[in-house]
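K.L.:
Just need the structure, nothing else, for what follows:
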Amino acid sequence: MPAYPFSSSLIEHIRSMFLGFAPRKNPPQENLKRAAVGIILVAADDGSGETAFLLTLRSAKMRSHAGQYALPGGRADQGEDAIDTVIRECLEELSLDLSAGGVLGTLDIYATQSGYAITPVVFTTTTEPDLCLNPNEVDQVFRIKLSDLSGERSAQFFSQEEGGRRLIRFPIFDHHLYAPTAAIIYQFIEMVGGRYHRVDNLAAPDFATR
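P.N.:
The predicted structure follows:
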């Protein structure tokens, strides 16, 4: 039995976990730019029957955070809420047509060192997505199993310098996944397990903020 089967029972479990979670909806400081990202739950592509989420590799052509791993999403347009932003960005980046009816919940707003207040929105898909990547924004997209970020590959915590902020990373492929993505995914996986952790104290290393 998969640890996180892609099934209606797991989706309902996640939905129920959100009922006991009160996300922080206000950014910790003013004048942050609003953004949103999606944790898009899909079936793993290895035949395991497990639940995965979509992770993109940002295009090397991007002006900021080029070539970094990221959840689909981006800066909010005027008048958009977080759900609208993720739906629009997923269509622009991946030709993925999401519905507001697929929203399971939102996580804490995460303030980045580069000046954004990111709202993570968790979606589930009802059909197998047919993805078409926008080469100006995305070089690759991966399906990362939730079980691949647990056990020996679970979150790692460290400090960049003595007395500095606590950092988080996940081993992934031959690299590491850093905050904000790592912090957001960590909060989600912990919530699925019934553990509610705030992650505003988890930062990214300096090189990952460029």
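
K.L.:
I'd guess Phe188 is in a helix, am I close?
P.N.:
Yes - if the criterion is DSSP: H, G, I helix; E, B strand; the rest coil, then Phe188 is within a helix.

K.L.:
what residues are up against it?
P.N.:
39, 107, 120, 122 (CB atoms under 8 Å, 6 or more residues apart in numbering). All C-beta spots, glycine's among them, are computed from the backbone N, C-alpha and C.

K.L.:
Tell me the one among these nearest to Asp45.
P.N.:
Ile39 (16.9 Å; CB to CB).

K.L.:
tell me what whichever strand or helix holds the closest one is packed against?
P.N.:
Counting by DSSP states H and E, the element that carries Ile39 is strand 33-43. If you count contacts as 3 or more CB pairs under 8 Å, 6 or more residues apart in numbering; DSSP states H and E, strand 33-43 packs onto strand 51-58, strand 73-75, helix 82-94, strand 116-124, helix 181-192.

K.L.:
try 7 Å this time
P.N.:
strand 51-58, strand 73-75, helix 82-94, strand 116-124 (3 or more CB pairs under 7 Å, 6 or more residues apart in numbering; DSSP states H and E).

K.L.:
and that strand, how far out from the chain's middle?
P.N.:
Counting by CA atoms, centre = their mean, to the nearest Å, strand 33-43 is centred 5 Å from the centre of its parent chain.

K.L.:
before we move on, back to that, please name whichever of the helices and strands packed on strand 33-43 is nearest to Gly193.
P.N.:
Judging the helices and strands packed on strand 33-43 by CB to CB, what sits closest to Gly193 is strand 51-58, at 13.1 Å.

K.L.:
what separates that closest one from the chain centre, distance-wise?
P.N.:
Chain-centre distance of strand 51-58: 8 Å, with CA atoms, centre = their mean.

K.L.:
which residues make contact with that strand from outside it?
P.N.:
4-6, 10, 39-44, 65-72, 93, 138-146 (CB atoms under 7 Å, 6 or more residues apart in numbering).

K.L.:
Show me what stretch 127-146 is in contact with.
P.N.:
4, 42, 44-45, 50-62, 92-96, 189.

K.L.:
Contacts for the strand holding Ile39, please.
P.N.:
Residues contacting strand 33-43 (CB under 7 Å, 6+ apart): 6, 51-54, 71-76, 82, 85-86, 90, 115-125, 129, 143, 184, 188.

K.L.:
That one pairs with which strands, and in what direction?
P.N.:
strand 51-58 (antiparallel), strand 73-75 (antiparallel), strand 116-124 (parallel) (DSSP bridges).

K.L.:
JSON lines for the contacts of Phe188, including neighbour count and pLDDT?
P.N.:
Shown next, in JSON lines, are these (neighbours: other CB atoms under 10 Å; pLDDT from 0 to 100):
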{"residue": "Ile39", "neighbour count": "28", "pLDDT": "98"}
{"residue": "Leu107", "neighbour count": "23", "pLDDT": "97"}
{"residue": "Pro120", "neighbour count": "28", "pLDDT": "98"}
{"residue": "Val122", "neighbour count": "24", "pLDDT": "98"}
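
K.L.:
rewinding a little: and the contacts of stretch 127-146, which are buried?
P.N.:
4, 42, 44, 50-59, 93-94, 96, 189 (16 or more other CB atoms under 10 Å).
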